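> Below is the structure, and that's it, no one-letter string:
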């Protein structure tokens, strides 16, 4: 097979020795694994070989970590393919060469064998659970941030069968509300405008142990999505905003959180309340503005109770009380949290505070009654246990 000009100017030429498997080739940011043997074109002398070291050579494609000819040639190779890559000096080591083995202005020949490649690892834990293969490179350098408004087109596949295809608009961090799996949402923060990428997403960031009956996806399934980021608008960075702008953003986040709470989407609601608190962090609130922060903490506590995270709910109430030590709701919700944890004495203390401020508060009175009953039940149970123990000791003494 004759040489093919890859660079268009004769600088990088490729001759296939053995065809690879399939049609796919690695894309930018893929981690490729291959064998190579490098020789000087002038006399055929070998200057380097991964085979001599008995270990494959690995690098990230398309980022300039190797000579230009490698980035260009390897991007055209299929799995298992063997080829010769002829590299002119300006696509290799240039005028300076690479002493002592490669002289200046040297044309090089590489015999390559593509072993394998992996997609770019976008998994936050770097465990390979989200792999990206860039199909169309996007424009510019900016990418969506948390809260950014995005417009995307996505195609979901499992076992080469399409289970969904649609256009979606949503805010990063709120994809759950549009039935966007977390793997797609996390990956989008690395996309550029106009980019199309294939994503291989493992169960933890897809449909998990439950699968998806509507899409006929079984439990613990790895899925594939092809995603195009058509447009996006970044959310303003907090540090760029004036205090009054941050206050408005906090109000919007609180409102979103409340809407999600009403829809029983408690995790999304918590996320919005957390964002609201982030916007308020470090700014001096006037006395008539502190109620916003208190309200967010109280809403946060209610969400955490719904999610059975009573320690976190108690902590949120503590924050609210720290800002407003006469807030009845804060004491009441903290009392509830203590009840759920099983600390009935402290729960009674909080409900008693509520009763002092609002003597007619029947809910607090009922909770106090329940707490006292639980304490009595616990004490009675303990008495019974100790009575049985003493009875056994007495029987032993008689023997």
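Noted; the coordinates are in hand. All figures in this text were calculated on a predicted structure; none of them were measured in a lab.
> Test my guess that residue 46 contacts residue 39.
Yes. With contact defined as C-beta atoms under 8 Å, residue 46 and residue 39 form a contacting pair (5.1 Å). The C-beta positions use only the backbone N, C-alpha and C, and glycine is treated the same way.
> So for these two, which residue has more residues nearby?
A count of neighbours by other C-beta atoms under 10 Å puts residue 39 above the other of residue 46 and residue 39, at 17 against 13.
> residue contacts, the more buried one?
Contacts for residue 39 (C-beta atoms under 8 Å, 6 or more residues apart in numbering) come out as 45-47, 108-111.
> Save these as TSV, and put in secondary structure too.
Listed next are the contacts of residue 39 as TSV, based on DSSP: H, G, I helix; E, B strand; the rest coil:
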residue	secondary structure
45	coil
46	strand
47	strand
108	strand
109	strand
110	strand
111	strand
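> so which of the residues you listed comes closest to residue 330?
residue 110 (69.5 Å; C-beta to C-beta).
> Was I right to think that closest one contacts residue 40?
No. Contact criterion C-beta under 8 Å: residue 110 and residue 40 do not qualify, at 11.1 Å.
> quick one: which of these two has more around it?
Higher neighbour count among residue 110 and residue 40: residue 110, with 23 against 16, using other C-beta under 10 Å.
> what's the nearest residue to the more buried one if we skip its chain neighbours?
residue 85 (4.4 Å; C-beta to C-beta, 6 or more residues apart in numbering).
> Now do the same for the one you found: helix, strand or coil?
Going by three-state DSSP: residue 85 is strand.
> tally of neighbours for it?
27.
> where exactly do the strands run in the protein?
4-5, 12-18, 31-40, 46-49, 57-60, 82-87, 108-118, 120-121, 130-136, 149-158, 161-171, 196-201, 223-233 (DSSP state E).
> Listing partners with orientation, what would you give for the third one?
For strand 31-40, the paired strands and their directions (DSSP bridges) read strand 46-49 (antiparallel), strand 57-60 (antiparallel), strand 108-118 (antiparallel).
> I'd like to know how far residue 276 sits from residue 59.
As for residue 276, its distance to residue 59 is 44 Å (criterion: C-beta to C-beta, to the nearest Å).
> repeat for residue 79
Residue 79 is 16 Å from residue 59, by C-beta to C-beta.
> If you drop the residues flanking it in sequence, what lies closest to residue 205?
residue 183 (3.3 Å).
> show me what contacts that neighbour?
129-130, 199, 201-202, 205-206, 225.
> Please parse this structure into its domains.
For the chain, the TED database gives the domain ranges 4-118, 130-233, 239-380.
> Pull the distance from the second one to the chain's centre.
With C-alpha atoms, centre = their mean, to the nearest Å as the basis, the distance from the averaged C-alpha position of domain 130-233 to the chain average is 12 Å.
> how many neighbours does residue 268 have?
21.
> Could I get the pLDDT score of the most centrally placed residue in the chain?
What sits nearest the mean C-alpha location of the chain, by C-alpha atoms, centre = their mean, is residue 186, with 4.5 Å. What the model reports for residue 186 is a pLDDT of 98.
> My understanding was that it contacts residue 125; is that so?
No. Using C-beta under 8 Å, residue 186 makes no contact with residue 125, being 10.8 Å away.
> Counting neighbours, what do you get for the nearest residue to residue 268 once chain neighbours are set aside?
Excluding the flanking residues, the one nearest residue 268 by C-beta to C-beta, 6+ apart is residue 260, at 4.3 Å. Applying other C-beta under 10 Å, we find 22 other residues in the vicinity of residue 260.
> contacting residues around residue 260?
177, 266, 268-269, 272.
> Swap in 10 Å and give it another go.
Shown in contact with residue 260 (C-beta atoms under 10 Å, 6 or more residues apart in numbering): 174, 176-177, 266-273, 303.
> just these now: which is nearest residue 143?
residue 174 (17.3 Å).
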